[in-house]
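Chemist: Structural data only, the sequence is not supplied:
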């Protein structure tokens, strides 16, 4: 009888220990908490934003559950830097440097700020219509580099950019933000290709 009780106790302890091993081996699922969408004046960037809203709104909505998970969408816009001087051809083999006055610099920067505010306001309206938790970020510099730096500094889980559909010649000369980010961004990247009717040739 003592042997039966010992055997029963061993079987019980073996059964009790089994669920612990199963729980420890369960795979962990990574939840995308912070997404970033690059916004510029192109229709393709707004198409990419609408695509994110349509497909990821359940992760980013301003509900108590979503806030607990920390889902957040960052809209980033990069302004081109303003150069204080420009060189123009002035006859055969010569060039003239023209320096901008301080008042001209201020007016150009003000115009850039207003343009950025208008773009982000339009994007925010799209997000608020679906109750998306959103923040905005305006940077200055080369768009490709600044977006990749922001991704790294803000620990973004997913970067979304629109594809502007540049032709081979334009792509060779000015480069593609989406191509550069695909190779240099420190997170997964989603490139949203627009419909043919808004593709820039």
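Modeler: Sure, I can see it. The model shown is predicted, which means the values in this text are computed figures rather than measured ones. Residues are numbered from 1 along each chain as shown.
Chemist: what's the neighbour count on residue 140?
Modeler: By other C-beta atoms under 10 Å, 14 other residues sit near residue 140. C-betas here are computed from N, CA, C, even on glycine.
Chemist: Which residue, other than its chain neighbours, is closest to it?
Modeler: Nearest residue to residue 140 in three dimensions, chain neighbours excluded: residue 79, at 4.7 Å (C-beta to C-beta, 6 or more residues apart in numbering).
Chemist: residue contacts, the one you found?
Modeler: 112, 116, 138-140 (C-beta atoms under 8 Å, 6 or more residues apart in numbering).
Chemist: Please identify the buried residues of the longest helix along the chain?
Modeler: Counting residues, the longest helix in the chain under DSSP state H turns out to be helix 102-129. Using 16 or more other C-beta atoms under 10 Å as the test for burial, helix 102-129 gives 112, 116, 119-120, 123-124, 126-127.
Chemist: Check those residues against residue 47 and report the nearest one.
Modeler: If you rank the buried residues of helix 102-129 by distance to residue 47 using C-beta to C-beta, residue 126 comes first, at 10.9 Å.
Chemist: wait, isn't the closest one in contact with residue 46?
Modeler: Yes: counting by C-beta atoms under 8 Å, residue 126 does reach residue 46; the two are 7.5 Å apart.
Chemist: re earlier: which of the contacts of residue 79 has the weakest pLDDT?
Modeler: By pLDDT, residue 112 ranks lowest within the contacts of residue 79, coming in at 88.
Chemist: Leaving out the residues flanking it, which one is nearest to it?
Modeler: Closest to residue 112 by C-beta to C-beta, 6+ apart is residue 79, at 4.9 Å.
Chemist: Same check on residue 188?
Modeler: Using C-beta to C-beta, 6+ apart and skipping residues adjacent in sequence, the residue nearest residue 188 is residue 158, 5.4 Å away.
Chemist: residues near that neighbour, how many?
Modeler: Residues near residue 158, counting by other C-beta under 10 Å, number 20.
Chemist: tell me the contacts of it?
Modeler: 32, 34-36, 187-190.
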